[in-house]
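Visitor: Let's see this in three dimensions:
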Amino acid sequence: MSNKNTMLTNDESLVQVMSHEYKLLSQAYSEFQYLFLKNNTEHNDEVKLHLYNSYAKILYHLYEFLKSCVCREVSKTKSEDHEYVKKYIIVELEKIASNLGEGQHKVESFTEFAGDLRIYRNKVYGHVNKERFEKYPLGNFYAKHHVYIVWLVRSTEYWWKTEASELAKHKAVQEFSKLLVFNEHE
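Guide: All right, here's what the predicted structure looks like:
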């Protein structure tokens, strides 16, 4: 990732924001894992709510990251076509299943997951929806689909994991951070 005063190409700019989106996904995933363990030792309402919210963030950032993959590999237009993104997710899961020797997973399961991922991302985290808790319980999603979340997060980690220090070098991050430091304003 470049921090120079040179102009980035469109692809370099996209890779930069994809790395940031993957970092958001990775942070949400780590937060979920931490809260998952904490929830097993503490029966605390704050922990329960943070656990729920962290899982919702995973769905949100995973879907956004996968859309950005479509944008980079195919086109911006296709990344906005939810049916195309769904097909992309299915193909990715088929590749992962094949590489892992997980032949018992059916394309129908991948198809259901890809559709549910978009819906839950929208209904549970992306938009305010009065049916959020009753019609879209995260527990159901987790029970049916969590294995695919793990597959997708782990399979992209090698290529997209970026150190926080690298992302923090970006001018926008530096300027924002400096703005929030007391007694350093002109």
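
Visitor: From the contact counts, what lies against the longest helix belonging to the chain?
Guide: If you go by DSSP state H, the chain has its longest helix at helix 10-41. Secondary-structure packing of helix 10-41 (3 or more Cβ pairs under 8 Å, 6 or more residues apart in numbering; DSSP states H and E): helix 45-73, helix 138-160, helix 164-168. Quick note: C-beta positions are derived from backbone N, CA and C, even for glycine.

Visitor: buried ones in that helix?
Guide: 15-16, 18-26, 28-29, 31-32, 35 (16 or more other Cβ atoms under 10 Å).

Visitor: shaky segments in this protein?
Guide: Along the chain, segments meeting pLDDT under 70 span 1-5, 184-186.

Visitor: 90 instead?
Guide: 1-6, 43, 103, 126, 162, 182-186 (pLDDT under 90).

Visitor: Name the nearest residue to residue 124, sequence neighbours excluded.
Guide: With sequence-adjacent residues excluded and distances taken as Cβ to Cβ, 6 or more residues apart in numbering, residue 124 is closest to residue 56, at 4.7 Å.

Visitor: Is it correct that that neighbour is in contact with residue 138?
Guide: Yes - in terms of Cβ atoms under 8 Å, residue 56 counts as a neighbour of residue 138; the distance is 6.5 Å.

Visitor: quick one, which of these two is more surrounded?
Guide: Neighbours per residue, other Cβ atoms under 10 Å: of residue 56 and residue 138, the larger number sits with residue 56, 22 against 19.

Visitor: how near is the more buried one to residue 145?
Guide: As for residue 56, its distance to residue 145 is 13 Å (criterion: Cβ to Cβ, to the nearest Å).

Visitor: and if you look at residue 28?
Guide: Residue 28 is 16 Å from residue 145, by Cβ to Cβ.

Visitor: and if you look at residue 26?
Guide: Noted for residue 26: a distance of 19 Å to residue 145, by Cβ to Cβ.
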